[in-house]
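**Student:** kindly generate the corresponding structure for this input.
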Amino acid sequence: MYQPVDQNDFLSADMSGGKLNEGGLSSKMDNPIWYVSKVCFVYVLVFVDIFLNSEVGSGSIDQMKGGIRTFWPFLFLVGQTSVQLFIFLTLFLLMCNTYMMRIGLPGVIISDFKFLGIAQLVYLTFTVILGMMRILFFESNPTATTLELWQSAGFEAIFIVQNICKFYSPPSTFHH
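**Tutor:** Modelled structure (predicted):
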């Protein structure tokens, strides 16, 4: 005998075995506290990224001596890249919890947030380029100062382009 099924039952279906969800993971993910916590997490990561970006450009490396002087820019590059990947992942998780993703229309969300994704990837690319420039500069000039790095060819221009891309990546377009 045919029994009509409410379409909302499919939207709240549990991923483990296809059983309908009765207060399981899906209902917990619909809780606004999860959304707010993810948004707050993105903001914390953005502030950490801003701190790392400003700290690596300051003169703090000038007082260091020895091997740590060349390792410090590498450490900042790994840290900043990791933070940016976490931001991208968290944004993806926020998008996955939307109605459009649940009904199988990810193309709609991707087209709406295409610029955000492109800006984030361009920012990540310029971060890696700047990090490599810092590493190579201090490897080849062990006694150089940060001011000399800023005066090197193209560093300031790439830094400006990187920060313009940061303006267009989260959280500035987060409330799109």
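
**Student:** quick one, helices of the chain?
**Tutor:** Taking DSSP state H as the criterion, the chain contains helices spanning 7-11, 25-29, 32-56, 67-96, 99-102, 106-112, 114-140, 146-151, 155-168.

**Student:** for the residue nearest to Asp49 when sequence neighbours are not counted, give me its contacts.
**Tutor:** In this structure, Asp49 finds its nearest non-sequential neighbour in Val83, 4.8 Å apart by C-beta to C-beta, 6 or more residues apart in numbering. For the C-beta atoms, the positions are set from N, CA and C on the backbone; glycine is no exception. Each residue near Val83 by C-beta atoms under 8 Å, 6 or more residues apart in numbering is listed here: Leu45, Val48, Asp49, Leu52.

**Student:** let's go with 6 Å and repeat that
**Tutor:** By C-beta atoms under 6 Å, 6 or more residues apart in numbering, the contact set of Val83 is Leu45, Val48, Asp49.

**Student:** domain assignment for this structure?
**Tutor:** 1-30, 32-168 (automatic domain parsing).

**Student:** export the helices of the chain as a markdown table, with columns for mean pLDDT.
**Tutor:** Below are the helices of the chain laid out as a markdown table (pLDDT from 0 to 100):
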| stretch | mean pLDDT |
| --- | --- |
| helix 7-11 | 46 |
| helix 25-29 | 53 |
| helix 32-56 | 84 |
| helix 67-96 | 84 |
| helix 99-102 | 76 |
| helix 106-112 | 79 |
| helix 114-140 | 87 |
| helix 146-151 | 86 |
| helix 155-168 | 83 |
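
**Student:** closest to Leu93 out of the contacts of Val83?
**Tutor:** For those, the closest approach to Leu93 (C-beta to C-beta) belongs to Leu45, at 12.5 Å.

**Student:** could you count how many residues lie near that closest one?
**Tutor:** 21 (other C-beta atoms under 10 Å).

**Student:** for Pro73, same thing?
**Tutor:** Using other C-beta under 10 Å, the number of residues around Pro73 comes to 22.

**Student:** ok, it to Leu116 distance?
**Tutor:** Pro73 sits 28 Å away from Leu116, going by C-beta to C-beta, to the nearest Å.

**Student:** equivalent analysis for Ile110, please.
**Tutor:** 10 Å.

**Student:** of the two, give the one with the bigger neighbour count.
**Tutor:** Leu116 (20 against 14).
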